[in-house]
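*Asks:* Need a 3D model of the sequence below.
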Amino acid sequence: MSLAIDVLNACKAKGLKVATAESCTGGMVAAALTDIAGSSAVIERGFVTYTNTAKTEMLGVREATIEAVGAVSEEVAREMALGALVNSDAEIAASITGIAGPGGSEFKPEGRVCFGIATRAGCDTETIEFGALGRAAVREAARDHALNLLLKAAHAH
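*Replies:* This is a model prediction of the structure:
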């Protein structure tokens, strides 16, 4: 909770609006932020794009990108974050796409989550291997990691 408050305070201090584009977390980042009274000064909108179709229709993720590298990839995380930025009035957008579990594959293991943070200056992406912690723990870890990335982006803005 204090992490979400820190994000809101940092963004509010700089007059920044935030958008989220979430897949495996299903809106947990937006929920963590909007749980706090006064968050409307910062939160512009959130996209929950669980399916590939939703990613393409709502965020403009290219089908060719998904076909080439799969939905759980930094390339898709980048297109999700940039799509959230373009389709909102936000200055910062965070995206999350991953495999919360149970399950996964040799190539895309459970606990792999890709993140994107987009601003008007560009987009940074990264992949974190949280491991097979269980669905709830992976989703919570991904939420917290995205909040930390938003906090860093707000401070750097």
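
*Asks:* residue farthest from the centroid of the chain?
*Replies:* Within the chain, the residue lying farthest from the chain centre (CA atoms, centre = their mean) is residue 106, at 24.0 Å.

*Asks:* Got phi/psi on that residue?
*Replies:* The phi and psi values for residue 106, taken as degrees, to the nearest 10, are phi -60, psi -30.

*Asks:* where in the chain is pLDDT low?
*Replies:* 1 (pLDDT under 70).

*Asks:* What segments of it are strands?
*Replies:* 18-22, 43-48, 92-98, 112-119, 122-129 (DSSP state E).

*Asks:* any chance of those strands in a markdown table, plus distance to residue 81 and mean neighbour count?
*Replies:* Glycine gets a C-beta too; all of them are placed from N, C-alpha and C. Putting these into a markdown table (distance: least, CB to CB, whole Å; neighbours: other CB atoms under 10 Å) gives the following:
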| stretch | distance to residue 81 | mean neighbour count |
| --- | --- | --- |
| strand 18-22 | 6 | 28 |
| strand 43-48 | 10 | 19 |
| strand 92-98 | 4 | 30 |
| strand 112-119 | 3 | 25 |
| strand 122-129 | 5 | 15 |
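
*Asks:* Would you mind putting the ones you listed into a markdown table with distance to residue 66 alongside?
*Replies:* Conversion of the strands of the chain to a markdown table gives the following (distance: least, CB to CB, whole Å):
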| stretch | distance to residue 66 |
| --- | --- |
| strand 18-22 | 14 |
| strand 43-48 | 16 |
| strand 92-98 | 10 |
| strand 112-119 | 13 |
| strand 122-129 | 15 |
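
*Asks:* if I look at the residue positioned nearest the centre of the chain, how far off is residue 105?
*Replies:* Centroid-nearest residue in the chain: residue 95, 2.3 Å away (criterion: CA atoms, centre = their mean). To residue 105, residue 95 is 22 Å away according to CB to CB, to the nearest Å.
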